[in-house]
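A.B. asks: Sharing a sequence plus its predicted fold:
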Amino acid sequence: MAAFRTSLYIEELLSKASDRWGYEDPVYRFYYQSFKVHRLQEQTKAIVDLLRELSPGCELNSWFLEIVAAGTGKEFRVEDNETWTVVTRSILEAFFHARFFLEMALRYHSMEKPPQHLPSGYAALLYL
């Protein structure tokens, strides 16, 4: 039952990270130079928390954690507008990586054993 509940939560989280307000609008906000792009950090953190829950006792990939750390914990400051892409691209990058792994977790979570020829997304999960 817990696996079923987790599967539903993965689907719910991925749906939110793919819809108009959780995906389309925040990317637009980057190009519009709106502080609202910072809201992606909450989604990224929620995804990372779930990925940790899905792999208890295992540390997530250090490169992934480095990307997440660089793209979370940021608060908007007016002076960030002067170096907008430098400050905010890391927020998008962290979200995109987290979303990718969430999508792969949903796609491959039901496989009972690895196939002989690993799909790239499944192999990426193994690195996570």
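C.D. replies: Everything's here; your move.
A.B. asks: CA only for contacts and neighbour counts going forward, please
C.D. replies: Noted.
A.B. asks: what residue ranges in this structure score low on pLDDT?
C.D. replies: 1-5 (pLDDT under 70).
A.B. asks: 90 - rerun?
C.D. replies: For the chain, residues meeting the criterion pLDDT under 90 lie at 1-9, 54-56, 107-128.
A.B. asks: buried residues in stretch 106-113?
C.D. replies: With burial defined by 16 or more other Cα atoms under 10 Å, the residues of stretch 106-113 counted as buried are Leu106, His109.
A.B. asks: can you dump the C-alpha coordinates of that stretch into PDB?
C.D. replies: Taking C-alpha atoms only, stretch 106-113 is exported to PDB below (Å, rounded to 0.1, in the frame of the first residue of the first chain):
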ATOM      1  CA  LEU A 106       7.700   7.600 -12.100                       C
ATOM      2  CA  ARG A 107       8.600   6.100 -15.400                       C
ATOM      3  CA  TYR A 108      10.700   3.300 -14.000                       C
ATOM      4  CA  HIS A 109       9.400   2.800 -10.400                       C
ATOM      5  CA  SER A 110       7.400  -0.300 -11.300                       C
ATOM      6  CA  MET A 111      10.200  -2.300 -12.900                       C
ATOM      7  CA  GLU A 112      10.900  -5.300 -10.600                       C
ATOM      8  CA  LYS A 113      14.400  -5.700 -12.000                       C
END
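A.B. asks: Give me the neighbour count for the closest residue to Tyr127 other than its chain neighbours.
C.D. replies: Excluding the flanking residues, the one nearest Tyr127 by Cα to Cα, 6 or more residues apart in numbering is Asn61, at 6.4 Å. When neighbours are defined as other Cα atoms under 10 Å, Asn61 has 12 of them.
A.B. asks: Check Lys45 too.
C.D. replies: When counting by other Cα under 10 Å, one arrives at 19 neighbours for Lys45.
A.B. asks: nearest residue to it other than its sequence neighbours?
C.D. replies: Thr72 (7.6 Å).
A.B. asks: wait, the one you found sits on Arg89?
C.D. replies: No. Thr72 is not in contact with Arg89 according to Cα atoms under 8 Å; the separation is 11.0 Å.
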